[in-house]
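A.B. asks: quick one: sequence plus predicted model below, questions after.
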Amino acid sequence: MNDIKLAVLGGEGVGKSALIVRFLTRRFIGEYASSSECIYRKHLSIDGRQLNLELYDPCSQACEGKSTLTDQIHWADGFVVVYDISDRSSFIKAKAIVHLIRELNLGVAKRDADTLVFLVGNKQDLCHVREVRREEGQRLAAESQTQFYELSAAEHYQEVVLMFSKMVHNASLGGKAKERRRRPSGSKSMAKLINNVFGKRRKSV
Ligand SMILES: Nc1nc2c(ncn2[C@@H]2O[C@H](COP(=O)(O)OP(=O)(O)OP(=O)(O)O)[C@@H](O)[C@H]2O)c(=O)[nH]1
């Protein structure tokens, strides 16, 4: 059975947990407890093949045993790099992450590299307070040879599922043999996931 390891990376509060939870549970939940990094696991069947999906959700705050961005990049087969279209600083952070992935994955076949990094502008529902134009996202994606999505974890369930499904599909074909230098710690079952989504800061939606 294939193991697919995806890392959802980006600045603080861009909606990484919201996107993962939306994909895995169909639900959008406004508050998330994310004082620790974790890996969500799901069993999938794609094109008749059985896959074990692991989705890594980093902790933006300082927390015990926290893995570094470099560790996370070495661990993963595919990357969803997220920014918040209403927060320019998160776009700058996403740009730096995409460049670091490129640097660290220089040895990866170009065909794989092109399909295994997605740049995602989240919170499209906040376009009335937009700070990053869609064209800027498209340009960064073109320059760094990543695929670009602009969507809303809050309002676009289908788009979120399509985006993750495409990444899982690409990663399942990628077949990268990658040294797992350090595995981020912590893992949550789906039941725990549901129980872990309360008690964090609130941001208006
Ligand atoms: N309006 C709107 N708010 C969103 C969307 N996605 C997430 N949020 C909100 O943004 C805030 C941060 O979401 P999280 O999913 O915790 O973001 P995160 O990137 O996991 O945060 P950290 O783990 O702290 O880095 C929460 O208040 C969410 O409700 C979206 O698509 N639209």
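C.D. replies: Looks like it arrived, so ask away. Fair warning: this is a prediction, and the values are worked out from it, not measured in the lab.
A.B. asks: any low-confidence regions in the protein?
C.D. replies: Counting by pLDDT under 70, the low-confidence segments of the chain come to 1, 32-35, 62-66, 106-113, 175-205.
A.B. asks: apply 90 and report the result again.
C.D. replies: Confidence mapping of the chain against pLDDT under 90 gives the ranges 1-3, 26-27, 29-38, 44-50, 58-75, 102-115, 171-205.
A.B. asks: now do the strands in it.
C.D. replies: 2-10, 38-46, 49-57, 78-84, 117-122, 147-150, 187-188 (DSSP state E).
A.B. asks: how about TSV for these, with distance to Lys16 added?
C.D. replies: Placement of C-beta: from N, CA and C, glycine included. Below are the strands of the chain laid out as TSV (distance: least, C-beta to C-beta, whole Å):
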stretch	distance to Lys16
strand 2-10	5
strand 38-46	11
strand 49-57	6
strand 78-84	6
strand 117-122	8
strand 147-150	14
strand 187-188	14
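A.B. asks: verify the stated contact: Glu155 with Asp125.
C.D. replies: Yes: here Glu155 lies in contact with Asp125, judged by C-beta atoms under 8 Å, at a distance of 4.8 Å.
A.B. asks: list the contacts of Lys95.
C.D. replies: Lys95 is in contact with Leu140, Ser144, counting by C-beta atoms under 8 Å, 6 or more residues apart in numbering.
A.B. asks: any idea how far Asn105 is from it?
C.D. replies: Taking C-beta to C-beta, to the nearest Å as the criterion, Lys95 is separated from Asn105 by 16 Å.
A.B. asks: before we move on, what about Gln145?
C.D. replies: Counting by C-beta to C-beta, the gap from Gln145 to Asn105 is 11 Å.
A.B. asks: neighbour-wise, which of those two wins?
C.D. replies: More neighbours surround Asn105 than the other of Gln145 and Asn105, with 19 against 13 (other C-beta atoms under 10 Å).
A.B. asks: so who does the closest residue to Phe148 other than its chain neighbours touch?
C.D. replies: Spatial nearest neighbour of Phe148, chain neighbours left out: Ala141 (3.5 Å); criterion: C-beta to C-beta, 6 or more residues apart in numbering. Contacts for Ala141 (C-beta under 8 Å, 6+ apart) come out as Leu119, Gln147, Phe148.
A.B. asks: which one of these sits closest to the ligand?
C.D. replies: Set against the ligand, the nearest of the contacts of Ala141 by C-beta to the nearest ligand atom is Leu119 (14.8 Å).
A.B. asks: so where do the helices sit in this structure?
C.D. replies: 16-25, 69-75, 88-104, 110-115, 134-143, 157-174, 190-195 (DSSP state H).
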